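Q: Model the following, please.
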Amino acid sequence: MKQPPPDSELGRLFAQFPRAGRVDWIGLRPARDVAMLPVEVAEATAGKGLSGDRYASGSGKRGITLIQAEHLPVIAALSGHAEIAPASLRRNVLVSGIPLVALKGRRFRIGQLLLEGTDDCDPCSRMEDALGPGGYNAMRGMGGLCARILEGGSLRVGDAVVAE
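A: Below you'll find the model as predicted:
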C-alpha cells in the first residue's frame, strides 16, 4: 500500500509504532552459492550495501535485506521444521519488535544507518533447497524487506530499529 498523506487519519495510524525494534542477527554472503557468515558488526555504504556482502557493489534498492524474527517460527511450522536458522533464509538482518511491512516506502534508522524500505524481499527458488519441497510457498508473504542505504556507518547486533 502506498503511504497515505501524513495529515490524514490513516497517515497518523501509519506513523504510530508501539516501540522500537532491535537487530538480532547480521549475516553477510561474500559470493553466490556460499553460506551466510554471521557477524556482530557490519559496515554499510550509502548507495551500495554491506562490506563483504556480494551485493555491496551498488545494488541500490537492495542494498540491505531484512527479515522479521517473529516470522521464523511460522516459516518453520509451514515448512515442517522445528526451527529455522536466520542464515538459511539468506537475508542480511534479522529484526524483532517492529513490523517490517510498515517500513516499506518509509525511511528508518538502524543505529547509525538511515535506510529507505524499497520493496518486499520475496523468496527465491533456493528456498526449496534450504527448507525442502514447498519452502518457497512456506516463505511467501514473510520474505522481509529490501532497503536502500541512504546514510552508511556501522550496523551492530543490538541496534535499535526506529521509523523516521
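
Q: Going by C-alpha atoms from here, please, whenever you check contacts or count neighbours.
A: Fine.

Q: per-residue pLDDT, Gly58?
A: pLDDT, Gly58: 64.

Q: pLDDT below threshold where in the protein?
A: 1, 58-60 (pLDDT under 70).

Q: And the strands in it?
A: For the chain, the strands defined by DSSP state E occupy 21-28, 37-39, 41-44, 64-68, 93-96, 107-110, 113-120, 145-151, 153-156, 160-163.

Q: and the shortest one, how far from the chain's centre?
A: Counting by C-alpha atoms, centre = their mean, to the nearest Å, strand 37-39 is centred 15 Å from the centre of its parent chain.

Q: What's the local residue count around the residue nearest to Leu50 when sequence neighbours are not counted?
A: In space, and not counting its chain neighbours, Leu50 is closest to Ala44: 4.4 Å by C-alpha to C-alpha, 6 or more residues apart in numbering. Other residues near Ala44 come to 24 when the count uses other C-alpha atoms under 10 Å.

Q: With Lys2 as the reference, measure out to Ala44.
A: 27 Å (C-alpha to C-alpha, to the nearest Å).

Q: for Ser79, same thing?
A: Distance of Ser79 to Lys2, given as C-alpha to C-alpha: 31 Å.

Q: quick one, which of these two is more surrounded?
A: Ser79 (21 against 7).

Q: do you know how far the residue nearest to Leu50 is from Gly144?
A: Taking C-alpha to C-alpha, one finds Ala44 at 19 Å from Gly144.

Q: nearest spatial neighbour of the residue most central in space within the chain, skipping sequence neighbours?
A: Nearest residue to the geometric centre of the chain (C-alpha atoms, centre = their mean): Leu66, 0.6 Å. Using C-alpha to C-alpha, 6+ apart and skipping residues adjacent in sequence, the residue nearest Leu66 is Val93, 4.6 Å away.
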